[in-house]
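Student: Got a predicted model here, sequence first, then my questions.
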Amino acid sequence: MSETRYLYCWFDTEYTTLELDRAKLLQVALIVTDDTLRPIQTETSSIDTKLLRKDGLSMCVAPPPREEMSDHVRDYYQPLLDECDRSGKPVEEVDGQLAAFMESFPETEREDVRERPIMAGNSIYADAFLARKYLPRFASQLNYRMFDVSTLKLEWLFHYRKDRFRKLNQAENIQKYYRGEDPIAGAKHDAYYDIQASMAELAYYRSLTRVES
């Protein structure tokens, strides 16, 4: 019997407002890694190849009317909103593409939900909330647990009183710890950049195995 493989499902969303009960999706991104944080390459004929990167996939969602978005999103997310207008897909199709990507990993079929891929990222509760609301097929394939890198960040800042991992417009620093093949491109408010940064941040904390309290 083969040993159980534990996977991280690195996931991030961009959405229309911080009021999650009213929020709608604008963009999603996904990379699946093993427990060493190396992306696992997969092939599936049912995924639109234009959505795929070397390590994962990213796609925009067809946006709601601008008046349903917060002022902050309208003011600061214009490049993303323009891309959503050009290439955004219906949310049901986005759910189907994410589910098809995950179906290439047999762990999603585990009867024991504790052995399915674990959703991971920063402040992942918001992304998990929106996934359960708008992406039910995808959400049903995952572990009921989540891995939130923000928890380690807070421990690092508050308890150990150490400097935070620099990732805002810090592509070179992220690349140093990122274990995938994709270059670090994009910036804040890009879901794929954000999951690459989260993966690098966890690798950074792991690299500091001897820390004085």
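Tutor: It's in.
Student: Now do the contacts for Asn64.
Tutor: Careful, residue 64 is Pro and not Asn. 16, 24 (Cβ atoms under 8 Å, 6 or more residues apart in numbering). Where C-beta positions appear, they are placed from N, C-alpha and C, glycine not excepted.
Student: For it, which three-state class applies?
Tutor: Assigned with DSSP: H, G, I helix; E, B strand; the rest coil, Pro64 falls in the coil class.
Student: Work out for me the element Phe147 sits within.
Tutor: strand 146-148 (DSSP states H and E).
Student: and what of Cys60?
Tutor: Element membership for Cys60 (DSSP H and E) is strand 56-60.
Student: related to what we said a few turns ago, show me what the strand holding Phe147 packs onto, helices and strands only.
Tutor: strand 118-121, helix 124-134 (3 or more Cβ pairs under 8 Å, 6 or more residues apart in numbering; DSSP states H and E).
Student: can you put these in a markdown table and add mean neighbour count, mean pLDDT and distance to Gly96?
Tutor: Putting the helices and strands packed on strand 146-148 into a markdown table (neighbours: other Cβ atoms under 10 Å; pLDDT from 0 to 100; distance: least, Cβ to Cβ, whole Å) gives the following:
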| stretch | mean neighbour count | mean pLDDT | distance to Gly96 |
| --- | --- | --- | --- |
| strand 118-121 | 26 | 98 | 18 |
| helix 124-134 | 19 | 97 | 12 |
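Student: can you point me to the longest helix in this protein?
Tutor: If you go by DSSP state H, the chain has its longest helix at helix 191-207.
Student: can you give me the offset of it from its chain's centre?
Tutor: 10 Å (Cα atoms, centre = their mean, to the nearest Å).
Student: Between helix 124-134 and that helix, find me the angle.
Tutor: Here the directions of helix 191-207 and helix 124-134 differ by 140 degrees (axes from the mean of the first three to the mean of the last three Cα atoms, to 10 degrees).
Student: Could I get the buried residue list for helix 191-207?
Tutor: For helix 191-207, the neighbour count (16 or more other Cβ atoms under 10 Å) marks 191-205 as buried.
Student: again, but for stretch 13-25
Tutor: Buried residues in stretch 13-25 (16+ other Cβ under 10 Å): 13-16, 23-25.
Student: could I get the helices and strands packed on strand 146-148 as JSON lines with distance to Cys9?
Tutor: Formatted as JSON lines, the helices and strands packed on strand 146-148 follow (distance: least, Cβ to Cβ, whole Å):
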{"stretch": "strand 118-121", "distance to Cys9": "5"}
{"stretch": "helix 124-134", "distance to Cys9": "10"}
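Student: Out of those, the one nearest Arg38 is which?
Tutor: strand 118-121 (13.7 Å; Cβ to Cβ).
Student: Now do that closest one: which elements does it pack against?
Tutor: Short answer (3+ Cβ pairs under 8 Å, 6+ apart): strand 118-121 packs on strand 8-15, helix 124-134, strand 146-148, helix 191-207.
Student: let's see 6 Å
Tutor: With contacts taken as 3 or more Cβ pairs under 6 Å, 6 or more residues apart in numbering; DSSP states H and E, strand 118-121 sits against strand 8-15, strand 146-148.
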